[in-house]
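Enquirer: Show me how the following folds:
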Amino acid sequence: MKNQHDQSYKLLFSEPRVIRDLLTGFIGEDWIEKLDLDSLERVSGSFVTDDLRDRENDVIWRARFGDEWCYVYLLLEFQSTVDRFMALRTMTYVGLLYQDLVKQKQLTRSGKLPPVLPIVLYNGERRWSAPVNVRDLIQAGPGSLAQYRPDLSFLLLDEGALVADQQFSNEARNVVSAIFQLEHHRSPADAVELIGLLVKWLQTPEQTDLRRHFVIWIKRVLLPNWVSNEEQGGWQALNELSEVHNMLAERAKRWPEQWKQQGLAEGRREGREEGREEGRQEGREEGREEGREEGREEGRKEGREEGRQEGKQDVARNMIQRTSLDDLTIAQVAEISVELVTKLREEMERSN
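Expert: The predicted structure follows:
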């Protein structure tokens, strides 16, 4: 599943419309306005060496900056943990790109190397905490040795942090903003609404490939969180974004109740079995001390109560695994505390 995510996500960022929206919507610096975004072109895989071609998840673009080129090296990171040495990796990849540019004689008019903007696109749940400059990873040497530390930063786009503090209006028609929000959507209803916006934004014939890439990404990455494996077969024949949106809009109405019922059924079944066993054990122990009859009765009561509580937790575990609902919604459905839902989610992440 991770590889499917990687490849379908890379398809999206292989479209000029997506790169344009990324630069204009998320960089926020004056020099972006001087780029000729109509000149955007992806750097061919045959242009770079094997060292860079091995970076399957990275995408390299370039755009005109006056009479020269400006390169954008986009690193797509699909991982649940923060890479402490990402700045070092970025420096290595940029160095390899510069080596290729020298070999291909792609220098500026003055014979210098062109500017490169390295961007790390991170979609993990935990917020990014590692240095974004390789200089901060290297111990300063004594005296003048400190001046030889390399100094190279990358631009970090932490999707989760951006969505939590979203400054981009849907009216801006920013495709990348929609991608980030879909990656971190709070409910199926929110996802369906965002996909509906994409249908409106991407209607023209020249956006056919981008619509198709969105369909691939939705079916491979988002859909498994919403429907069972048995149900997914009927979705694979869909190729148009509008078709996917219409079917999702209809099905999404029934998903919350369906997930709740599935979770309740599994929770009750497991809870009853565990409750019986715990009731027998506790009943035998207390029966020795206070009498068999009292022990059985108390054991049954405690077993049933613990079974109910475990059943509610199983409901929550099932919804955490099967859905993208937030902790508050899951707590309300399962009738347990938000703190307990958070604890269960952390336990499940550690076990994985």
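
Enquirer: Every contact and neighbour count from this point should use C-alpha atoms.
Expert: Noted.

Enquirer: Can you list the low-confidence ranges for the stretch 1-150 of the chain?
Expert: Of all residues in the stretch 1-150 of the chain, those with pLDDT under 70 make up the ranges 1-6, 45-57, 78-80.

Enquirer: What pairs with the longest strand anywhere in the chain, parallel or antiparallel?
Expert: Among the elements of the chain assigned as strand by DSSP state E, the one spanning the most residues is strand 68-77. Using DSSP bridges, the strands paired with strand 68-77 in its sheet are strand 58-65 (antiparallel), strand 116-122 (parallel).

Enquirer: can you redo these as CSV with distance to Asp136 and mean neighbour count?
Expert: As requested, these are arranged in CSV below (distance: least, CA to CA, whole Å; neighbours: other CA atoms under 10 Å):
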stretch, distance to Asp136, mean neighbour count
strand 58-65, 24, 20
strand 116-122, 17, 20
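
Enquirer: Columns distance to Asp165 on top of the ones you listed, output as JSON lines?
Expert: Conversion of the strands paired with strand 68-77 to JSON lines gives the following (distance: least, CA to CA, whole Å):
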{"stretch": "strand 58-65", "distance to Asp165": "26"}
{"stretch": "strand 116-122", "distance to Asp165": "16"}
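
Enquirer: Tell me which of the ones you listed sits nearest to Leu344.
Expert: strand 116-122 (24.4 Å; CA to CA).

Enquirer: got the contact list for the helix or strand just after the closest one?
Expert: Using DSSP states H and E, the helix or strand that follows strand 116-122 in sequence is strand 155-158. Contact partners of strand 155-158, identified using CA atoms under 8 Å, 6 or more residues apart in numbering, comprise 117-124, 127-128, 132.

Enquirer: just the angle between whatever helix or strand comes next after the longest strand of the chain and strand 116-122, please?
Expert: Per DSSP H and E, the first helix or strand lying C-terminal to strand 68-77 is helix 86-103. In this structure, helix 86-103 runs at an angle of 140 degrees to strand 116-122, with axes from the mean of the first three to the mean of the last three CA atoms, to 10 degrees as the basis.

Enquirer: Please name every helix or strand in contact with helix 86-103.
Expert: Other elements packing on helix 86-103 under the criterion 3 or more CA pairs under 8 Å, 6 or more residues apart in numbering; DSSP states H and E are helix 50-53, strand 116-122.

Enquirer: Pretty sure Ile199 sits against Glu240.
Expert: Wrong residue type there; residue 199 is Val, not Ile. No. Proximity of Val199 to Glu240 does not meet the contact threshold set by CA atoms under 8 Å, at 9.3 Å.

Enquirer: which residues are common contacts for the two?
Expert: Jointly contacting Val199 and Glu240 under the rule CA under 8 Å, 6+ apart are Arg211.

Enquirer: Name the nearest residue to Ile216, sequence neighbours excluded.
Expert: The spatial neighbour of Ile216 that comes closest, neighbours along the chain excluded (CA to CA, 6 or more residues apart in numbering), is Ser8 at 6.4 Å.

Enquirer: and if you look at Arg186?
Expert: Closest residue in space to Arg186, ignoring its immediate chain neighbours: Leu325 at 5.4 Å, by CA to CA, 6+ apart.

Enquirer: what about the one you found, distance to Glu29?
Expert: 35 Å (CA to CA, to the nearest Å).

Enquirer: Compare those two (neighbour count), which wins?
Expert: Between Leu325 and Glu29, counting by other CA atoms under 10 Å, Leu325 is the more crowded of the two (18 against 9).

Enquirer: How about the secondary structure of the more buried one?
Expert: State at Leu325, reduced to three classes by DSSP: H, G, I helix; E, B strand; the rest coil: coil.

Enquirer: Run through the residues that contact it.
Expert: Shown here is Leu325, whose contacts under the criterion CA under 8 Å, 6+ apart are 186-187, 319.

Enquirer: how about it, phi and psi?
Expert: For Leu325, the backbone dihedrals are phi -70, psi 150 (criterion: degrees, to the nearest 10).

Enquirer: one step back: distance to Val338 for the contacts of strand 155-158 - can I get that in CSV?
Expert: Written out in CSV, the entries for the contacts of strand 155-158 read as follows (distance: CA to CA, whole Å):
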residue, distance to Val338
Leu117, 41
Pro118, 39
Ile119, 35
Val120, 32
Leu121, 30
Tyr122, 27
Asn123, 24
Gly124, 21
Arg127, 20
Trp128, 24
Val132, 33
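
Enquirer: Relative to Arg173, which of those residues is nearest.
Expert: Distances from Arg173 to the contacts of strand 155-158, taken as CA to CA, are shortest for Leu121 (19.9 Å).

Enquirer: Just to be sure, which of the contacts of Leu325 are found in helices?
Expert: Those of these mapping onto helices are Met319, per DSSP state H.

Enquirer: Out of the contacts of Leu325, grab the one that's most surrounded.
Expert: With neighbours defined as other CA under 10 Å, the most crowded of the contacts of Leu325 is Met319; it has 25 neighbours.

Enquirer: Check what pLDDT that one gets.
Expert: Reported pLDDT at Met319 in the predicted model: 82.

Enquirer: any idea which element the nearest residue to Phe13 once chain neighbours are set aside lies in?
Expert: Spatial nearest neighbour of Phe13, chain neighbours left out: Ile19 (6.3 Å); criterion: CA to CA, 6+ apart. Taking DSSP H and E as the definition, one finds Ile19 inside helix 16-26.
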